[in-house]
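K.L.:
Provide a 3D model corresponding to the input given below.
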Amino acid sequence: MPDLFLASARSLRILLFAFAALGLLLAGLLLFARRPLARLLRAFPRHTPTGWLLTAIAATAATYIVFHAPLGRFDVIKPLVPFLGVVLFFAFVWSLRELLAVRALAACLLLAADPILDAILWAPDDLLFARNYATILIYLILLLAALLFLYPWLYTRILRAFARTPLLRRLLLVLLILLAILSPLTLLA
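P.N.:
Residues are numbered from 1 along each chain as shown. Reported below is the predicted structural model:
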């Protein structure tokens with residue numbers, strides 16, 4: 001059992017440093033490459049290859065999670081799960097063509113929460129503040145992902161609001177820098 005706690009503590013530390021790196025990367029892009037970043041973000045929702053790639057990642061992740069989950073009396077269908085993953089991919093691509101990249105990104109974010117919350121759950125109690133901080137961040141990401149999945153047009157509205165309002169861009173920059181600073185500091189508390 002102690003190995004599980006050590007692995008989870010290491011996973012939580014890696015996660016928090018990944019949050020810090022992501023915050024620094026996005027803040028740097030926002031500061032130094034605002035125009036190319038804006039072009040990429042505007043083109044993202046309707047970029048078909050990106051949508052297909054993210055859909056394939058989401059379908060693979062969902063297949064993996066379901067295949068390794070205890071299904072109880074439905075364990076007899078486990079041999080069909082890889083086939084159902086392929087069906088899920090094509091169903092997604094066919095039925096959600098409009099703004100597929102945004103929906104697929106949201107699905108990837110929703111599915112990424114499973115292993116992250118599992119690592120947070122099994123982390124030792126001496127990292128309580130870090131566990132709570134990471135849990136709050138994950139649930140905020142889940143809320144954003146759920147909103148983007150259900151309302152993909154919200155992505156373009158948010159983008160337009162940030163393009164029009166310099167105050168929102170500065171606020172986002174401050175939040176990203178805070179994310180980069182606070183994430184590793186929570187390990188000290």
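
K.L.:
What is the subsequent helix or strand relative to whichever strand or helix holds Val87?
P.N.:
For Val87, the host element (DSSP states H and E) is helix 81-95. As assigned by DSSP H and E, the chain's next helix or strand after helix 81-95 is helix 100-121.

K.L.:
hmm, who's touching the helix holding Val87?
P.N.:
For helix 81-95, contacts defined as CB atoms under 8 Å, 6 or more residues apart in numbering pick out 51-52, 55-56, 58-60, 62-63, 66-67, 100, 103-104, 107. Heads up, the C-betas are built off the backbone N, CA and C, glycines and all.

K.L.:
For the one residue sitting closest to the centre of the chain, report the pLDDT, please.
P.N.:
Most central in the chain under CA atoms, centre = their mean is Leu109, positioned 2.9 Å from the mean C-alpha point. Note on Leu109: pLDDT of 91.

K.L.:
What of Ala134?
P.N.:
Here, the pLDDT recorded for Ala134 equals 88.

K.L.:
And the nearest residue to it once chain neighbours are set aside, how far from Leu54?
P.N.:
Nearest residue to Ala134 in three dimensions, chain neighbours excluded: Ile120, at 5.3 Å (CB to CB, 6 or more residues apart in numbering). From Ile120 across to Leu54, the span is 24 Å (CB to CB, to the nearest Å).

K.L.:
swap in Leu148?
P.N.:
Per CB to CB, Leu148 is found 12 Å from Leu54.

K.L.:
got any residues that touch both of those two?
P.N.:
Joint contacts of Leu148 and Leu54 (CB under 8 Å, 6+ apart) are Leu105.

K.L.:
from memory Thr50 sits against Val102, does it?
P.N.:
No: with contact defined as CB atoms under 8 Å, Thr50 does not reach Val102; the gap is 9.9 Å.

K.L.:
can you list residues touching both of the two?
P.N.:
Phe44.

K.L.:
Pick out whichever of the two has more residues nearby.
P.N.:
Val102 (24 against 18; other CB atoms under 10 Å).

K.L.:
residue contacts, that one?
P.N.:
Val102 is in contact with Phe44, Pro45, Leu148, Pro152, Tyr155, counting by CB under 8 Å, 6+ apart.

K.L.:
where does this structure have low pLDDT?
P.N.:
Within the chain, the stretches with pLDDT under 70 are 1-7, 189.

K.L.:
The same query, at a cut-off of 50, please.
P.N.:
In the predicted model of the chain, residues 1-5 satisfy pLDDT under 50.
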